[in-house]
Structures are given as structure tokens and as C-alpha cells.
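> From the sequence below, what's the structure:
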Amino acid sequence: MRSMINTHKMVRSWLLIFLSLLSFPLFAQKIIYVSPAGSDKNTGSSRSPFKTIDFARVKARKVKGPAEIRLSGGEYHIEKPIVFDSSDSRGISEKLVLKAAHNENVVVSGAALLKLKWRPYRNGIMQAKVEGDYVFDQLFVNGQRQHMARYPNFNPTERILNGTSADANSVTKVKSWANPEGAYLHALHKSEWGGFSYLIKGKKSNGELDLDGGWQNNRKMGMHDQYKFVENVFEELDTVNEWYYDKDKKILYYYPPADLKLSSAKIESPQLKHIFEFRGSQKRPVSNISIQDIHITHTIRTFMENKEPLLRSDWTTYRGAAVFFEGATNCSIKNCVLDNLGGNAIYFSKYNLKNEVSGCHLTKIGGSGISFVGDPDAVRSPSFEYNEFIKLSDIDRTPGPKTTNFPKTCSVYDNLIEQIGQVEIQSAGVQISMSMDITIAHNTICNVPRAGINVSEGTWGGHLIEYNDVFNTVRESGDHGSFNSWGRDRYWHPDKAVLDTIVDRHPELVLLDVIHPIILRNNRFRCDHGWDIDLDDGSSNYEIYNNLLLNGGLKFREGYNRKAENNIIINNTFHPHVWFSRSKDIFRKNLVFRNYAAIGMPQNGLWGDEIDSNIFTDESELAKAQVNGRDKNSVFISPDFVDPEHGDYRLRAGSAAFKTGFKNFDMNNFGVVSPKLKRIAPKVEFPKIVALHSQRSNEIVNFMGLELKNLSGLGERSATGMAKDAGVLVLKVEEKSPLKDLIKVNDVILKVNGKSITGLGDLQPNLKAEGDKKIVLFRNQKEMEVTVRTK
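Sure thing, here's the model as predicted:
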């Protein structure tokens, strides 16, 4: 009996082995094939491919050693994101690669293909009944994005928001709409520091719009009076390429161009926010997975979910993207095209280590291109709005982060990033916040509404930014740069006088967050609507050298421990603004075209540790700079560049510039390096060399012990925080001034007794008038009122 039982067990064991061997060939495959024409009932071989990427992802878990999922050419319209979690992780020598097969054109789309029967509506507009439940946020016809019915109409030649009107939300305009519920109001920030968006819930009893939103900018100062538009209003469907979806009647209305054969047109509507997700954690990360050679397209817009405030900045963020990473290590996206996306393209959230984006082309993106954003809980003594601050006695004095739940040692290499921020102005080609040791190298970034590269605060530095070509930036926002940063870290205080005192007494606090230097080297920047490099509020611990700045100059607002050396600043100069009295800044061996455009600098005349050995192309401008011991060893040269018409701004041999220690640097290595991207990358326009003179030609007067001038120009607007040239700027307050206790340097006088002050001509008679005077000032980037009492 026992022998029979043992025999039965042996037969059963051999049967299990035999059955497992039958399935072994599939899981032994190192390559799993997928095709739009396949079936998930197939074996996954080249002759019997699976149909869905997600099914292949699960099967790949059982493959030992390195593995590939190869996608045959065609379109993959997915109905839910493809999510890699820790169960998909691989060993360092067992990577999983998801890629196109044999260089075939593989498109992974988050859009639904719509089969519609069109019939005329009126005035050239067509209509179609929609069967099924679909999201209608964007509409593509034959691959081209169409426009929600909007006012004013879309105009590609308009620089800001592609067309705006001051009356977009006026009561008169609103009256012409039967039911605007579900429409959106978009507007530039009042000071042009990004934008706001609102969902229209309907009309109020007074005829105004009932709005919900406005959280997309962390400086909540209200929308701009002029720059705004409304979309998704049926009555505004009045021109070609516009559409409107009536969700109650489930009818799609579309105004096609005359030459479009609508019956055979390809109609697509994005349904998903994300296409690929890498979702792990620090304890259980997603590891060693790469996406390669794939075209990723069609996601819905996410501007109404852009709510999370970043640290004391202008920014809020939405943690999501077409390709989203959280809790990933040694993962990458390479040689992919990402386009026609409603929100962010690629986003690294919280813990990410040694991940890479390389060889990709990002274009027609609604939000930011590539974002690195850590966990606010990793920050010591955080604040989240400009006017918030931590009491000095309560500041955590421990340097660096509390945890490692943030992106670190990741790279962005050889990518073409263009036409981003098409929905959200508050965006960047590459955005860094609460991260460490991020490398951004050999990228071409252009045609963006705000900064090309943005570093959102000091936490925690160590970034290397080199060999990038960044131009045609700040096309819609104001007071930003091709490279933009700030550093309102734990020591920061919104009151400038208090802030100056903190830094003067406790300079060690400034570098508690930015614990490693941030290096900008060998880049080419051009900004025609702002600064080439803009180190704004508190930006500290920077090393900036061997950069070519083609138009907007170099700005240092107050900060600490920054060194700018061996940069070439064409047709512009250095812009030092409102420095700390002991900033330890250095500016040397740089080529500039004119005297420094200083605003609100320490009245003791001491600017940092060293301003010297610079090169000026105008002898009279050099003489102006040589005050208070500055620029003793600086020299004048005639700008004898090798070939400026073609972008070679090296100085010829024998130039006196070399006596300062200045050295030529490579002019042929900016931007993308891969041949396929170099062929299609837009080219920067090289400026003509012009002789510039000091911009401070505006009249300066002394009145009641105040040194005053009309506020004018980007520099003065930036230093004060003003949105436009208006009011009178206070340059100096003398000790004998009767207003010395009320008015401070860098104040802007806006009103006296309710009367607007447009310039010096308005100010003097109003201050001389009898009686008490209520003066409205702009100070610390907000309005305040002081009262001058008559004795």
C-alpha cells in the first residue's frame, strides 16, 4: 500500500514538472513581443505577440535576467495608465527595457479614437452625437490640436496667452452667454509672475461670473486687468478650428476648415492624465526599468489640479505627468518623443535616485517639461507662502534635509525641450525644487513662456547645469530669466529690513538649506524679455563661470556666497540689486559692455568680497565703475571677437582682457549633441554688437531729503516688485529728511491723499500741499500706507 502511495506521488511530481516545462519557453524568453494586431491569449513571441503593453509588463516579471518588451509599430490607445511598481523591479544586471521594435514608429496615446457621424449645424459649424462617456478637455483632428470655443479667438501671433481682452469677464460680455457653467477663465498674474485659471460655475445675481480656482500661483495678488481670456463657451464658437462639447446633450460641435474632409478625419480626445507611472517607495522602489524609442502623446490638461504650494515661491505644482516617477531608482526614459500633452511631460516626485532622461524631444506641452520636486516633509523649518516666516528662535539649525525623500543624483542629458507651458504659464523646461545633485547638461530649451531652467529654492543644491542652450524664454511672464532661481529658505523674512538684520547677525543661517554649491558653467543663455541669468530673492551658494549671455545680462538680487567669473555678457552688464551688507559675493574676470546697473545697494559702498579684474568695452563706463575700491584692476578693450555674426565670441589673441586672467572658452558645444536632435533643434539668433551707455539717464531730484526718480525699466521693477513703470522710486533717504522715519530706500510712492503719482511731476505739488498726507507706498512687494502729520 505504501509503495502504491509513493508511486502516485512520483507520478504527480513528474506531471507537475512536465506541465511547468510546457510553460517554461514563454518565461524563458528574454524578449516579449507586443503588437496592436496581437492578442493577450498569444504566447508573446515574435510570431504570436501579445496585444497590450500592460499584459506584457506582468509577464515580464517571470523573466529571469535582462528582458525586453518590444512593441511593433502602430498606435496603442490605452484606457488606463501603465503602472510599474516594486513587483516589476529588476536587479542591476537584469534591466527591463520597454522599446520600439526595429526602429518602428510606436505611438502610445492616452486618447480615445472617436467614430462620429457629422451633420451640419449652422454657419459652417458641424455637429455629431457622441456615444459613450468621454472626457472632452482637448480635441485633435488629424493630429492637430483644436481650440475650445474662446473669447477672444486664438491668435498664434499674440505673445501672451495667444490673445487676451480686458473685457473677457466683464458683466457686459457675460450677459451675452446663456449658460457659461463649465467654462474657464485664464489670466496672467497681476504682476506677470505666472498665471491663474478659474472654473466658471455660472453667473452671480449681479451678472458677474461665479468663479472657483485661482490657486495656480502661490503669490495670490489677483489677476491682471488686461491679459485674460475665457474658453469653453458655446456662444464663442465662431471661427475655424474651434469646438464645443455639450455634455448634457452629448453633442460635439466643431467648426472645420473648408478644406478638411471631416467624414474621414481622425478625431481623438485625450482621456488620461498619465501614460506611464513608476510608483514605488524608498523602502520598495521601482528599479532598473527603461522606456526607449516610443512616441508618448495625448493627455488631458491638469491646470485645475495645480494646487500644491512649493516653498515660499510663486509656484504651485501638480504631482503628475505623462511619465510620472515616484520611488524609482536607476530608471530612465530615453530617445522618446513626448508631444501634445495637456499637463506636465515628465515628473520626478519625492524619492528618486539615479534616474535619467536623455535623447528625448519634448514639444507642445501644456505644463512643464521635466520636474524634480521633493517631499516638503524633508525640509527643516519650511514656509509655504511669501509672507510666511519662522521666528528666529524657532529655526532648526541643523544643516540639510530631515529625510532622503527627494530626487537625488538624477540627470537630464541631450534633450530638446520646446513649446512647453502652452496651458500653464507658471512652468519651466526643467524645474527643480527640494532636490539634490541634479545634472542638467547639453539640452536645448527654447520657446517657453517663463524660465527655461528654474531652481525653486536652495534646498539642497549640488546641481550641475552645463552646456545648455536656452533662448526665446520669458515670452509671456515678466521679471524672470532664461535661468531663474530664488532662495527664500528657512532664514528668510518678507520684511527686507528684518531680513538684512538676520543675515548680518547670523550669516551661518543662509547656507543651512543650500548645503552644496549650484554650478552654472559653459551655457549659452538669451532672454529678450528678462534676464539671461536671474538669481532672485535669496539665491545663494552659486558658482557661475564660462557662460555666454547674449542679451539680458546677469542679475544678482540679495543672496550670499556667489561667484561669477569668466562670463561674457553681450550688449549688457551685471545687475546687482539690494544686496546684503556682507554677502561674500565675487564678480571678477567678466566681460561687460557698460557700468553695472546697481539698484538699492548697501550705502556703505561695499559690494561683497570682490568686484575686480573685469573687462569693459567702453572706457567711460569703466571709469564710472571704479568707485569705492571696485574694479581697480579692470581693463578697457575694443570688443574684437573672432566671429560674432556666427556666435563665436572668443577674444582674439593679444587682447588686453587676458591680462586680467580671463580665458576664452568653447563656443561650439552648447545644446543637444545627438545628430537626430541637432538636425531639428531651433537656432538662437546672435545679436549685433551695439555700443550701450548707462540706462540711468532718467532725471534724479532731491526733494524733502529724498533722492527720487521716476520708476522705469525692468531692473527697477524687479528690484521693487512692481508690475509696471509707475510711481516714484526712492533712491536715498538723508538723515535730515523729515520723512526718514516713514519712507525707506527702494520704496515706490504710488499715491498721496488718494491721488495717483505717475511721476515726479505729480509728487512734488502733492507733498508740498498743506495738511496731513496719506502716502501709499509699495514696499516688500505689497502696498502699505503711511501718514505724514502736520505739526
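> from here on, contacts and neighbour counts on C-alpha atoms
Will do.
> backbone phi and psi for residue 554, please?
phi -120, psi 120 (degrees, to the nearest 10).
> Any idea how many residues pack against it?
Neighbour count for residue 554, taken as other Cα atoms under 10 Å: 25.
> and it, what is it in contact with?
Listed by Cα atoms under 8 Å, 6 or more residues apart in numbering, the contact set of residue 554 reads 531, 532, 533, 534, 569, 573, 574, 575.
> Whichever strand or helix holds residue 243 - contacts with which helices or strands?
Here residue 243, judged by DSSP states H and E, is contained in strand 242-246. When contacts are defined as 3 or more Cα pairs under 8 Å, 6 or more residues apart in numbering; DSSP states H and E, strand 242-246 sits against strand 147-148, strand 251-255.
> Kindly reformat those as a markdown table containing mean neighbour count.
As requested, the helices and strands packed on strand 242-246 are exported to a markdown table (neighbours: other Cα atoms under 10 Å):
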| stretch | mean neighbour count |
| --- | --- |
| strand 147-148 | 24 |
| strand 251-255 | 22 |
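> how about those, which one is nearest residue 668?
When those are compared by Cα to Cα, strand 147-148 sits nearest residue 668, at 39.9 Å.
> which residue is nearest the centroid of this protein?
residue 428 (1.7 Å; Cα atoms, centre = their mean).
> For that residue, give me its contacts.
Contacts of residue 428 by Cα under 8 Å, 6+ apart are 367-370, 420-421, 448-454.
> how about a cut-off of 6 Å?
Residue 428 makes contact with 368, 451, 452, 453, according to Cα atoms under 6 Å, 6 or more residues apart in numbering.
> again, but for residue 227
Taking Cα under 6 Å, 6+ apart, one finds 164, 187, 188 in contact with residue 227.
> repeat that for 8 Å
With Cα under 8 Å, 6+ apart, residue 227 has these contacts: 160, 161, 164, 165, 166, 187, 188.
> same deal with residue 201?
Applying Cα under 8 Å, 6+ apart to residue 201 gives the contacts 180, 181, 182, 183, 209, 210, 211, 212.
> which of these are buried?
Those of those that meet the buried threshold are 180, 181, 183, 209, 211, by 16 or more other Cα atoms under 10 Å.
> got those residues as CSV, with distance to residue 441 and pLDDT columns?
Formatted as CSV, these follow (distance: Cα to Cα, whole Å; pLDDT from 0 to 100):
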residue, distance to residue 441, pLDDT
180, 46, 97
181, 46, 97
183, 41, 98
209, 46, 97
211, 42, 97
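> mind giving me JSON lines with the residues you listed and columns for distance to residue 29 and secondary structure?
Shown next, in JSON lines, are these (distance: Cα to Cα, whole Å; DSSP: H, G, I helix; E, B strand; the rest coil):
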{"residue": "180", "distance to residue 29": "56", "secondary structure": "coil"}
{"residue": "181", "distance to residue 29": "54", "secondary structure": "coil"}
{"residue": "183", "distance to residue 29": "52", "secondary structure": "coil"}
{"residue": "209", "distance to residue 29": "60", "secondary structure": "strand"}
{"residue": "211", "distance to residue 29": "56", "secondary structure": "strand"}
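> List just the nearest of these to residue 673.
Closest to residue 673, out of all of the buried ones among the contacts of residue 201 and judged by Cα to Cα, is residue 183, at 43.3 Å.
> and the residue nearest to the centre of the chain, which of the three is it?
Here residue 428 is recorded as coil under DSSP: H, G, I helix; E, B strand; the rest coil.
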